[in-house]
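>>> just coords:
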């Protein structure tokens, strides 16, 4: 028995040759029905000689002959309908209807009064249909008749308002009636078959069309087929319409009800068109390759038989997915049917003399077969359809995706395999662990011992998978040369792959899967396995940037599994990042120290493509990178010994990083200043100064020792700077160029050391000025000395430095203003006119002082102080300005005095007016607060002219009137001759 297929939908189960039981027999009709009570299936066969033959299929899938009964003589049995609930079979033969018992134990009984019946169809009610329970347009019978009709049709979707289960849609109570439609000539008769009495009660009659060959009744629609085409009638209204017509030379019409989706298949020659219960085409058409004698439904497929072949077509795609040869060509007309309920898994096929039973293959086995044949897309499509139709649980699709992924993995299609892994919602990342790390390992117990359907080998490391796959490809090459077909992909046969390329592809795609798995909700142990094995795979491809990114970010890597591997392969940077991420700071810093010692101190050059040209970009040196990473760890470390142990080598590479380590505020507990200052190398003066500055300015330290230490350190640095400037001038070097070079190399401070010293000496009061002054006493740091003398209260020395040494007249005058005594200006004037030490008088500075502050000086003292050597023009101008300023000051005083007197007089007048103000009270006067008559009572008047009785005055107080105005806050101003609002 030859079978051509892409997948197996049905498989042979049993067969029976009728010629062995009843010779010279030819089959004309076929129907099967199951009996759940005794677990057997009965097959009823109508013959062309008018007999009805009964076969049975037992649980052992054995077909056997039971008995036969004669229905009519020399006339074929045209149609069979099993009434399972009543235990009867309805037979159409020679234009009459007959009833026989289901085991054919009694003679056939003719159903009255019908005769000349050509076609019969039983009414079927679809799931969720809107079938009417009344066949009439409007009630014309008595109420009892209408009630009877409603009862007969109430066994469908709704009966007495109660919905019946889908599986019970066709069920009838034993002994009750069945509704059928029969065609007699041009009449379409609908009625009730009483199986117990063997009578047919006509309920409704419609004028039909001539030549009806086939008929289906679903809900309220009756679809009939003639040699001219297909039409549809309404059992309620009696209206009819043409669905479509047939060509002149077409084959006889054929109708078949597809119960699964409640559609009707209309056959035109070798094309099947599916329509809904309203006659509207739905879905695609089915093209039967070999034509058909009979057709039936098999789950999501349709089976058509002709000339000893059975083709199984998928209803949605229309593709033939299986062809079964059960007899040779020219065998004659064939029949196919399923179980009468439409819910079984048995298919029966008949030739004129033989009956074959086929068992529908379970969906799981169909999927397995597709996977074995490597029809992966078809398998996935089948599962999706079954899931959509609620034939399979939703997790089966994820299961199949994972199974397909493993099959593709062993077929060396790694990218496609991982794509399927990612589509599986139930697959665990631990299932791929054995492909990366050989068992036994830390995560061996996490790997599910589930080989799915056993279609692929057990997990093995990727190297073995690739090697075994290459061996399979080599074997397939030899078999192909010998003419033997194999299951190996043709692409690999024509282009044999390279082992290195395959292994790289396997690792990269496994990396892709593990990276996606990191976003899933996993247990801690699985997360550890994912991250650790991901690091293994990165290392296998030497993906340094990915390794360092994983190690430096949040991860669940197991250090014990990776440290030896990374150390031996030289990936110390990754190991250092990993140590730091896990809080193992000591080990991480030790690695960075080794790397900083071994790396070259030169800058690293990277080649960058820009605008089509390669340019060289100088980046940080490897030493600087090591120091930077170490400083990040130390900035958050509170272990003082560890910080002081490692910051010194960082300072040798980058002093700015060293300062960040010492002054970091990220750590929970700050370092001891005394320990830090003791650990700083005396040669690293800038680091020491920056740390002291941080203590004083950022940490608000009031320790005089730190302030004095900082001031002395700055003073020493300033002295060294001055000495360097002097020496550079002596050898002919421009001091500006030297300072610019120093500013380029010194990145700790943004301002020169002298500026920092001057600012600190002025701002701080906690250092010892005598110690600093003793250090710079013999230097040229005059401004610094002036600041220190000012701290010590040496006003004369400060003025001498500002006026004579620095010649800063503005600063000298400002200092005199701070002193606040007129004699300070006179003292400064004496210094300008008599500088001492053989220096010429500073007449311009003296004139500036007299011009700016002449009003504060006594003219007589100024005249006495002026030097006889001062030019007359400068002296006259100076004295003239002094006098003018003196007179201006005197007149200003007079103006202010007179204005003050005017204000005082105005105030006195206002007081006088207030005191002389009077108010007249009579018997009608009322208190503005309590509205009581004042009469002879004591009263008070507020400045806003409100009058209250004495009682209200005591309650209100003196400052707040009845209007709520508070005169202490909101002062009342009355206009006068000088003061206005």
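That came through fine. Just so it is clear, the structure is predicted and the values come from calculations on it, not from any experiment.

>>> what segments of the stretch 201-350 of the chain are strands?
Here the stretch 201-350 of the chain has its strands, by DSSP state E, counting those that start in this stretch, at 212-218, 221-226, 229-234, 240-245, 254-258, 263-268, 271-275, 286-287, 294-298, 301-306, 309-314, 320-325, 335-338, 346-350.

>>> okay, now residue 447: neighbour count?
Under the neighbour criterion other C-beta atoms under 10 Å, residue 447 is assigned a count of 17. Using the backbone N, CA and C atoms, a C-beta is placed for each residue, glycine as well.

>>> swap in residue 563?
Residue 563: 15 surrounding residues under other C-beta under 10 Å.

>>> now mean pLDDT, mean neighbour count and distance to residue 560 too, for the strands of the stretch 201-350 of the chain, in JSON lines please.
Formatted as JSON lines, these follow (pLDDT from 0 to 100; neighbours: other C-beta atoms under 10 Å; distance: least, C-beta to C-beta, whole Å):
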{"stretch": "strand 212-218", "mean pLDDT": "95", "mean neighbour count": "21", "distance to residue 560": "71"}
{"stretch": "strand 221-226", "mean pLDDT": "95", "mean neighbour count": "23", "distance to residue 560": "75"}
{"stretch": "strand 229-234", "mean pLDDT": "94", "mean neighbour count": "20", "distance to residue 560": "77"}
{"stretch": "strand 240-245", "mean pLDDT": "92", "mean neighbour count": "14", "distance to residue 560": "76"}
{"stretch": "strand 254-258", "mean pLDDT": "92", "mean neighbour count": "19", "distance to residue 560": "64"}
{"stretch": "strand 263-268", "mean pLDDT": "93", "mean neighbour count": "23", "distance to residue 560": "65"}
{"stretch": "strand 271-275", "mean pLDDT": "93", "mean neighbour count": "19", "distance to residue 560": "65"}
{"stretch": "strand 286-287", "mean pLDDT": "92", "mean neighbour count": "18", "distance to residue 560": "64"}
{"stretch": "strand 294-298", "mean pLDDT": "92", "mean neighbour count": "22", "distance to residue 560": "59"}
{"stretch": "strand 301-306", "mean pLDDT": "93", "mean neighbour count": "24", "distance to residue 560": "57"}
{"stretch": "strand 309-314", "mean pLDDT": "92", "mean neighbour count": "24", "distance to residue 560": "55"}
{"stretch": "strand 320-325", "mean pLDDT": "92", "mean neighbour count": "20", "distance to residue 560": "54"}
{"stretch": "strand 335-338", "mean pLDDT": "92", "mean neighbour count": "23", "distance to residue 560": "64"}
{"stretch": "strand 346-350", "mean pLDDT": "94", "mean neighbour count": "25", "distance to residue 560": "61"}
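
>>> next helix or strand past the helix or strand containing residue 759?
Using DSSP states H and E, residue 759 falls within helix 753-763. Using DSSP H and E, the helix or strand that follows helix 753-763 towards the C-terminus is helix 769-776.

>>> just the buried residues of that following helix, please?
Within helix 769-776, the residues scored as buried using 16 or more other C-beta atoms under 10 Å are 769, 772, 773, 775, 776.

>>> next: stretch 32-47.
By 16+ other C-beta under 10 Å, the buried positions in stretch 32-47 come out as 32, 33, 34, 41, 42, 43, 44, 45, 46, 47.

>>> pLDDT check: weakest of those?
Among those, residue 34 carries the lowest pLDDT, at 83.

>>> give me the mean pLDDT for stretch 691-701.
pLDDT averaged over stretch 691-701 gives 94.

>>> repeat for stretch 121-141
Regarding stretch 121-141, the rounded mean pLDDT is 67.

>>> same thing with stretch 462-477?
What stretch 462-477 shows for mean pLDDT is 92.

>>> okay, the strands of the stretch 201-350 of the chain in CSV with distance to residue 440 next?
Below are the strands of the stretch 201-350 of the chain laid out as CSV (distance: least, C-beta to C-beta, whole Å):
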stretch, distance to residue 440
strand 212-218, 64
strand 221-226, 68
strand 229-234, 70
strand 240-245, 70
strand 254-258, 56
strand 263-268, 58
strand 271-275, 58
strand 286-287, 56
strand 294-298, 49
strand 301-306, 48
strand 309-314, 47
strand 320-325, 45
strand 335-338, 54
strand 346-350, 50
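
>>> can you pull the pLDDT of residue 708?
pLDDT recorded at residue 708 is 95.

>>> quick one: secondary structure of it?
Recorded secondary structure, residue 708: helix (DSSP: H, G, I helix; E, B strand; the rest coil).

>>> doesn't residue 769 make contact with it?
No - contact criterion C-beta atoms under 8 Å: residue 708 and residue 769 do not qualify, at 9.2 Å.

>>> ok, of the buried residues of helix 769-776, which one's closest to residue 346?
Nearest to residue 346 among those: residue 772, at 110.8 Å, using C-beta to C-beta.

>>> the closest one and residue 723: what is the separation?
Look at residue 772 and residue 723: by C-beta to C-beta, to the nearest Å, they are 17 Å apart.

>>> domains of this structure?
Domains of the chain are assigned by the TED database as 10-127+176-361, 368-509, 702-729+751-793, 818-917, 919-980.

>>> rank those domains by pLDDT, which is bottom?
domain 818-917 (a mean of 78).

>>> the stretch 801-950 of the chain: strands as residue ranges?
In the stretch 801-950 of the chain, the strands defined using DSSP E, counting those that start in this stretch lie at 939-941, 947-949.

>>> how about JSON lines for the ones you listed, with distance to residue 932 added?
JSON lines is the format used below for the strands of the stretch 801-950 of the chain (distance: least, C-beta to C-beta, whole Å):
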{"stretch": "strand 939-941", "distance to residue 932": "10"}
{"stretch": "strand 947-949", "distance to residue 932": "6"}
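
>>> need the winner for burial among those.
Mean neighbour count, computed with mean count of other C-beta atoms under 10 Å, is highest for strand 947-949 among the strands of the stretch 801-950 of the chain, reaching a mean of 22.

>>> and for it, what's in contact with it?
919, 921, 925, 927-930, 932, 934, 937-942, 956, 962 (C-beta atoms under 8 Å, 6 or more residues apart in numbering).

>>> other residues contacting stretch 433-445?
409, 430, 446-447, 459-462, 465, 510, 525-526, 528-529, 533, 536-537, 558, 561.

>>> 7 Å instead, please
430, 446-447, 459-462, 465, 510, 525, 529, 533, 536-537, 558, 561 (C-beta atoms under 7 Å, 6 or more residues apart in numbering).

>>> by neighbour count, which of those wins?
When neighbours are counted by other C-beta under 10 Å, residue 529 leads the contacts of stretch 433-445 with 29 neighbours.

>>> for that residue, give its distance to residue 820.
For residue 529 relative to residue 820 (C-beta to C-beta), the value is 81 Å.

>>> how about the secondary structure of the residue nearest the centre of the chain?
The chain has residue 519 as the residue nearest its centroid, 9.3 Å off, counting by C-alpha atoms, centre = their mean. Look at residue 519: counting by three-state DSSP, its state is coil.

>>> and residue 563, by the same measure?
Of the three states, residue 563 takes helix under three-state DSSP.

>>> I figured it hits residue 572, correct?
No - here residue 563 does not reach residue 572: they are 10.4 Å apart, not a contact under C-beta atoms under 7 Å.

>>> how about the helices in the stretch 701-850 of the chain?
Taking DSSP state H, counting those that start in this stretch as the criterion, the stretch 701-850 of the chain contains helices spanning 704-730, 735-745, 753-763, 769-776, 782-792, 795-800, 809-819, 822-833, 843-853.
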